[in-house]
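K.L.:
quick one, what's the 3D model for this:
(chains A and B)
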Amino acid sequence: MSALLTPSATGAVATRVLTQLRRDHRTLAMLLVLPCALMSVLWWMFHDLPGEGFSRLGPALLALIPFIIMFLVTSVTTLRERTSGTLERLLAMPMGKLDFLLGYALAFGLVAAVQSALAVGVCVVLLDLSIAGPVWMLMVVAVVDAVLGTALGLFVSAFARTEFQAVQFMPALVIPQILLCGLFVPRDALPRVLDVISEALPLSYAVDAMQRVASSGRTGEVWTDVALVAAYAVAGLALGALTLRRQSD
Amino acid sequence: MMKMAVTVRALEVVRGGIPVLRGLDFGVASGEVTGLLGPSGCGKSTLMRTLVGVQRVTSGEVEVLGAPAGAASLRREIGYVSQQPSVYDDLTVTENLRFFARILGVGDERVAECLALVALDGHAHRIVGRLSGGERSRVSLAVALLGEPRLLVLDEPTVGLDPVLRVELWDTFHRLADDGAAVLVSSHVMDEASRCDRLLLMREGRLIADGTPSGLLDRTRAEDIEHAFLSLVRNEEAA
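P.N.:
This next block holds a predicted model:
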């Protein structure tokens, strides 16, 4: 029996994914620079307006960005892995499915950490985003969020045959979460049915967590949110593991 | 008595409602290069995927190195090269091999050995995506050799290679067989048949012949394997 998890194999997958990313300079630059640019645009939009628009929306955007980007990047890369035959080859080798999944989660979690460190840094230092709680907690939320995006991306890649289809899962699975996460209409003001749906969606808790760190700094409640998002990520990885079949029909 | 690396009995595989393999019985011996020949679409790749354990069997038995195909214990013992070069285009040759070596738990010195075996030592640090098709499939072959497998399953490994290199690769296959491995090589090019110790001829999901190249020629009184194949098909259709 091959072990469920071999640290060296998990590490090999993570290193390999990061090496591939390092080769792709344009993607790397976009991963790191775009979030900062988008936060700056948001700040600029509200610059001449009264009220606290940037402080209200900024933290939510910090939660959305890693989730969306890692979802897209992962669903396309793992789809490539499925269609190029490398996944089949790996599954015919003594590699645990968990090694594969955690390797990806580790690699993209790491990228998310760097990505959010930059974005949070820009927001706090340059754009004067006021954060009541500890700033590092924003990054913890961002990383858990990115892992959630990676987990869901891995899962949906099993249902796409082409990269076009994979990208279509973004409007199907991600945009509804953005609509219902409380950004446009506070969640308790939503019609009852939509409110119930929003309570079942992980991104609602991710946005909640970011807003709590920014506004109140009551870390206990933040950790509850983070734990919920993490639970969804674990569930997503478990679902992803089910889609990794060593045999095909 | 020859040692059988693969024993297949009454194997049937149905994919998407279509029978692809229709009752196969044969063996693949260790220490030999066995050629699996037949036109494209005859089920060669499905058969190879079944031996490797990535294709579900509908009925029948497939025993590989003493275990049922697909058993976890076989994952270290089989080297498999599929038709598409299943390697990472955006990594260098060495990075690809090192990655798979870590998954297999073999050392870096083996990486260099395998590169030499497929004559890619000069391209170690080139990005795979910038190599030619033939070079890329040799990277894939090098990955399959990493774990010093007891069974090598190679799906059309010589397509698109220049003749000199093709001869070299066949020599490599024979060296591996001499060292005790069972080597199964598929091809739709009949002229590669003469390089095999044993041949399995396949058509429409069935084996129409199983024997040595010279034995097949004698039996069919044909001048080459292509004609032997034709005469076997005609006999079968007449029967």
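
K.L.:
after the helix or strand harbouring residue B:114 comes which helix or strand?
P.N.:
Assigned by DSSP states H and E, residue B:114 belongs to helix B:108-117. Downstream of helix B:108-117, the next assigned helix or strand under DSSP H and E is helix B:133-145.

K.L.:
about what we covered before: same for the helix holding residue B:114, what does it pack against?
P.N.:
helix B:93-104, helix B:133-145 (3 or more Cβ pairs under 8 Å, 6 or more residues apart in numbering or on different chains; DSSP states H and E). Every residue, glycine included, has its C-beta placed from N, CA and C.

K.L.:
assign the residue nearest the centre of chain B to helix, strand or coil.
P.N.:
Nearest residue to the geometric centre of chain B (Cα atoms, centre = their mean): residue B:154, 2.5 Å. In three-state terms, and counting by DSSP: H, G, I helix; E, B strand; the rest coil, residue B:154 is strand.

K.L.:
pLDDT value on it, please?
P.N.:
Per-residue pLDDT puts residue B:154 at 95.

K.L.:
was I right to think it contacts residue B:143?
P.N.:
No - the criterion here is Cβ atoms under 8 Å, and residue B:154 misses it with residue B:143 at 11.8 Å.

K.L.:
please enumerate the shared neighbours of these two.
P.N.:
Shared contacts of residue B:154 and residue B:143, defined by Cβ atoms under 8 Å, 6 or more residues apart in numbering or on different chains, comprise residue B:81.

K.L.:
please list the residues of chain B that sit near chain A.
P.N.:
Taking Cβ under 8 Å from any Cβ of the partner chain as the measure of proximity, chain B contacts chain A at B:15-16, B:52-56, B:70, B:72, B:75-76, B:78, B:80, B:82, B:84-91, B:95, B:99-100, B:102-105, B:127, B:143, B:147.

K.L.:
low pLDDT regions in the chain?
P.N.:
With no chain named, the answer covers chain A. In the predicted model, chain A carries pLDDT under 70 at residues A:1-4.

K.L.:
sorry, I should have been clearer: chain B.
P.N.:
Within chain B, the stretches with pLDDT under 70 are B:1.

K.L.:
any idea where the helices of it begin and end?
P.N.:
Under the criterion DSSP state H, chain B carries helices at the ranges B:44-52, B:93-104, B:108-117, B:133-145, B:163-178, B:213-220, B:225-238.

K.L.:
so which of the ones you listed is nearest residue A:61?
P.N.:
helix B:93-104 (35.6 Å; Cβ to Cβ).

K.L.:
and that closest one, how far from the chain's centre?
P.N.:
Mean-position distance between helix B:93-104 and its chain equals 21 Å (Cα atoms, centre = their mean, to the nearest Å).

K.L.:
longest helix in chain A, by residue count?
P.N.:
Per DSSP H, chain A has its longest helix at helix A:53-83.

K.L.:
tell me what that helix is packed against?
P.N.:
Secondary elements touching helix A:53-83 (3+ Cβ pairs under 8 Å, 6+ apart): helix A:25-45, helix A:86-91, helix A:97-121, helix A:135-156, helix A:163-169, helix A:202-215.

K.L.:
dump the residue contacts of the nearest residue to residue B:29 once chain neighbours are set aside.
P.N.:
Among residues not flanking residue B:29 along the chain, residue B:2 sits closest, at 4.4 Å (Cβ to Cβ, 6 or more residues apart in numbering or on different chains). Residues near residue B:2 by Cβ under 8 Å, 6+ apart: B:29-32.

K.L.:
gap between residue B:2 and residue B:83?
P.N.:
28 Å (Cβ to Cβ, to the nearest Å).

K.L.:
residue A:221 is nearest to which of the helices of chain B?
P.N.:
helix B:93-104 (41.8 Å).

K.L.:
the nearest residue to residue A:151 once chain neighbours are set aside sits in which helix or strand?
P.N.:
Closest residue in space to residue A:151, ignoring its immediate chain neighbours: residue A:236 at 3.0 Å, by Cβ to Cβ, 6+ apart. Assigned by DSSP H and E, residue A:236 falls within helix A:219-243.
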